[in-house]
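*Asks:* I need the structure of the sequence given here:
(chains A, B, C and D)
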2 protein chains.
Amino acid sequence: MPPPPSSRRAPGRPSATSHAAIEQASFRLFAEHGFDGTSLDAIAAEVGVGKRTLFRYFPSKNDIPWGQFDRTLEAFADLLDAVPDDVPLWEAVHRGVLAFNEFPPDADPPHAERMRLILRTPALQAHSVLRYGEWREVIADYVARRTGGRADAGLPLAVGHVSLALALTAYEQWLDDTSCDLPGLIDTAMRELRSYLA
Amino acid sequence: MPPPPSSRRAPGRPSATSHAAIEQASFRLFAEHGFDGTSLDAIAAEVGVGKRTLFRYFPSKNDIPWGQFDRTLEAFADLLDAVPDDVPLWEAVHRGVLAFNEFPPDADPPHAERMRLILRTPALQAHSVLRYGEWREVIADYVARRTGGRADAGLPLAVGHVSLALALTAYEQWLDDTSCDLPGLIDTAMRELRSYLA
DNA sequence: CAAAGTTATGGCACCGGTTGCCAAAAGGAA
DNA sequence: TTCCTTTTGGCAACCGGTGCCATAACTTTG
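*Replies:* Below is the predicted model:
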């Protein structure tokens, strides 16, 4: 019986490491010395690889804590598409955002640690906007599709921004007490916003 | 008649430049070579000063386009305080944000050029979140004062985030056509949000 | 088994932003 | 003139990031 095609090794020199290995080694060092206190040389040494090689796995040091965010975004788009079309627009978006933030409690590195790092390290806070921009785009595309307009029109842009605003509000509170229910906090923020504007 | 005390020269070596001079020289170079294409050495040369000295006026290259943002924030707080207390909270914040974005059309460097640089240069987009954070804090403090709660409670955080969201939405549209009325765009975004959530 | 082809590694030099350190410049005051 | 105060600016060093290229480590082919 021949081995399945996926088990045939690719030609060429085999990889010396992986995204996951770099991520885990990095989080170990970040926990010990902080993000700024951890140099790329230190990470490279911990992984047992040349510094030059790190840049073939992550485009920058700032991207390491984000892991494989592009794949996460695809899942988000699917969650939005799964909401029935007869749900009012604002509620559909809201449901999608809630679902996106229900994650398995066994992520590695743990979700709370990762988000604390990202949201409380100035250099990473700054870098995040680029990622947030992609996230907002997913929402803007969805809103544009539902309203039949363009994704760069006022409403899609605004909904993307406001949805992000609510999520960030909830995350800030959640980091103060990670035993809270994150989707619950988002839901509360949405309720508060609606009564604030009423 | 003695000269007013403010005109007496301070002791010590006089300054070789100023925030304004650095800002203007920088914008000249940014316009010509772009932000990333302008090195600090080039700016220092244009100003006629040592590179080391630039860091005594601005904490980083990214801060140059922002100018004196701390003073701007004080003005923003005053604008919010000037709104009568009997105006509903959401409308008070909204009026404050609108007033903040009515600026004289003769700013130097021009407001549109500055904002285009900040909002369309990735490195500056990223850096901006730190400034936005201070801006949101002004709003959160105001909301907390009006509601008699803490600034890190849900509503103040959410209002800060959402106000920023609307402003950024408007700026994105304004940059596409700077002949538009910026406060008008913010107002429209607010109206759209209210009908979206209704 | 040897040669050829493929792919990843990692060392090196280099750039640009940033910081600490310190000597020197440039003014006022005694 | 001397002292005090403040700013300047040069220098070395660190760190993140990039281009270049030789080489290691495999697979495939002959």
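*Asks:* In contact with the most centrally placed residue in chain A, which residues?
*Replies:* Nearest to the mean C-alpha position of chain A, by C-alpha atoms, centre = their mean, lies A:Phe69 at 5.1 Å. A:Phe69 makes contacts with A:Arg131, A:Glu134, as judged by C-beta atoms under 8 Å, 6 or more residues apart in numbering or on different chains. C-beta here means a position set from N, CA and C on the backbone, and glycine is covered the same way.
*Asks:* DNA strand D contacts on chain A?
*Replies:* Contacts of chain A with DNA strand D, taken as C-beta under 7 Å from any atom of the strand, map to A:8-14, A:38-41, A:52, A:55, A:59-62.
*Asks:* Now intersect these with the helices, please.
*Replies:* Secondary structure assignment (DSSP state H) places A:Leu40, A:Asp41, A:Arg52 from the residues of chain A next to DNA strand D within helices.
*Asks:* Reformat those as JSON lines; add distance to chain B and pLDDT.
*Replies:* Formatted as JSON lines, these follow (distance: C-beta to the nearest C-beta, whole Å; pLDDT from 0 to 100):
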{"residue": "A:Leu40", "distance to chain B": "19", "pLDDT": "98"}
{"residue": "A:Asp41", "distance to chain B": "23", "pLDDT": "97"}
{"residue": "A:Arg52", "distance to chain B": "23", "pLDDT": "98"}
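*Asks:* Just the buried ones out of these, please.
*Replies:* A:Leu40 (16 or more other C-beta atoms under 10 Å in any protein chain shown).
*Asks:* Closest to A:Ala75 out of the ones in helices among the residues of chain A next to DNA strand D?
*Replies:* Compare each of those with A:Ala75 using C-beta to C-beta and the shortest gap goes to A:Leu40, at 29.6 Å.
*Asks:* Could I have the PyMOL command that selects the buried members from the residues of chain A next to DNA strand D?
*Replies:* Buried members of these can be picked out in PyMOL with the line below, counting by 16+ other C-beta under 10 Å:
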select buried, chain A and resi 38+40+61+62
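*Asks:* circling back: nearest to DNA strand C among the ones in helices among the residues of chain A next to DNA strand D?
*Replies:* Of all those, the one with the least separation from DNA strand C (C-beta to the nearest atom of the strand) is A:Arg52, at 3.8 Å.
*Asks:* What are the neighbouring residues in contact with the closest one?
*Replies:* A:Arg52 touches nothing, counting by C-beta under 8 Å, 6+ apart.
*Asks:* just A:Trp135 next, same as before
*Replies:* By C-beta under 8 Å, 6+ apart, the contact list for A:Trp135 reads A:Leu73, A:Phe76, A:Gly160, A:Leu164.
*Asks:* With adjacent residues omitted, what lies nearest to the third one?
*Replies:* Yep, that's A:Gly160 we're talking about. Nearest residue to A:Gly160, sequence neighbours excluded (C-beta to C-beta, 6 or more residues apart in numbering or on different chains): A:Arg136, at 3.4 Å.
*Asks:* unless I'm mixing things up, the one you found is touching A:Val162, no?
*Replies:* No - under the criterion of C-beta atoms under 8 Å, A:Arg136 makes no contact with A:Val162, lying 9.6 Å away.
*Asks:* Compare those two and say which is more crowded by neighbours.
*Replies:* Neighbours were counted for A:Arg136 and for A:Val162 using other C-beta atoms under 10 Å in any protein chain shown; A:Val162 has more, 27 against 23.
*Asks:* Enumerate every residue touching that one.
*Replies:* Each residue near A:Val162 by C-beta under 8 Å, 6+ apart is listed here: A:Leu193, B:Val162, B:Ala165, B:Leu166, B:Leu193.
*Asks:* what's the farthest-apart pair in those residues?
*Replies:* For the contacts of A:Val162, with distances taken as C-beta to C-beta, the pair at the greatest spread is A:Leu193 and B:Leu166 (11.7 Å).
*Asks:* Check the offset of whichever strand or helix holds A:Leu117 from the chain's centre.
*Replies:* When elements are assigned from DSSP states H and E, A:Leu117 belongs to helix A:111-120. Using C-alpha atoms, centre = their mean, to the nearest Å, the distance from the centre of helix A:111-120 to the centre of the chain it belongs to is 10 Å.
*Asks:* Check stretch A:34-43 too.
*Replies:* How far stretch A:34-43 lies from its chain's middle: 22 Å, per C-alpha atoms, centre = their mean.
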